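1. just a sequence and a predicted model for now, questions to come.
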Amino acid sequence: MTYIVEPIGAHFASKDLTTLENRFNSRSADGYRLHSVFQVTQPGGCLSLGRPVITYLAIYEKPD
């Protein structure tokens, strides 16, 4: 099994959904299947004193 992990953002407006669909379709055309999407929080700012940054990661899988 081969995997790809990529950030897909955290804020989605209606116009962004088409871009997201195109990204998923592109991965599918390459033989990958969307496995899961999960939220990641990273500490923000210098010394982690700032506001945390939230994004989503998409995991794709492809059988070998």
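-> Ah, there it is. Numbering: from 1, shown residues only.

2. now do the strands in the chain.
-> Read by DSSP state E, the chain holds these strands, from start to end of the chain: 2-9, 33-44, 50-62.

3. between the second one and strand 50-62, how big is the angle?
-> In this case it means strand 33-44. With axes from the mean of the first three to the mean of the last three C-alpha atoms, to 10 degrees defining the directions, strand 33-44 sits at 160 degrees from strand 50-62.

4. same for strand 33-44, what does it pack against?
-> Under the contact criterion of 3 or more C-beta pairs under 8 Å, 6 or more residues apart in numbering; DSSP states H and E, strand 33-44 touches helix 14-29, strand 50-62. C-beta here means a position set from N, CA and C on the backbone, and glycine is covered the same way.

5. JSON lines for the strands of the chain, including mean pLDDT and distance to Leu17?
-> Conversion of the strands of the chain to JSON lines gives the following (pLDDT from 0 to 100; distance: least, C-beta to C-beta, whole Å):
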{"stretch": "strand 2-9", "mean pLDDT": "94", "distance to Leu17": "11"}
{"stretch": "strand 33-44", "mean pLDDT": "92", "distance to Leu17": "14"}
{"stretch": "strand 50-62", "mean pLDDT": "92", "distance to Leu17": "13"}
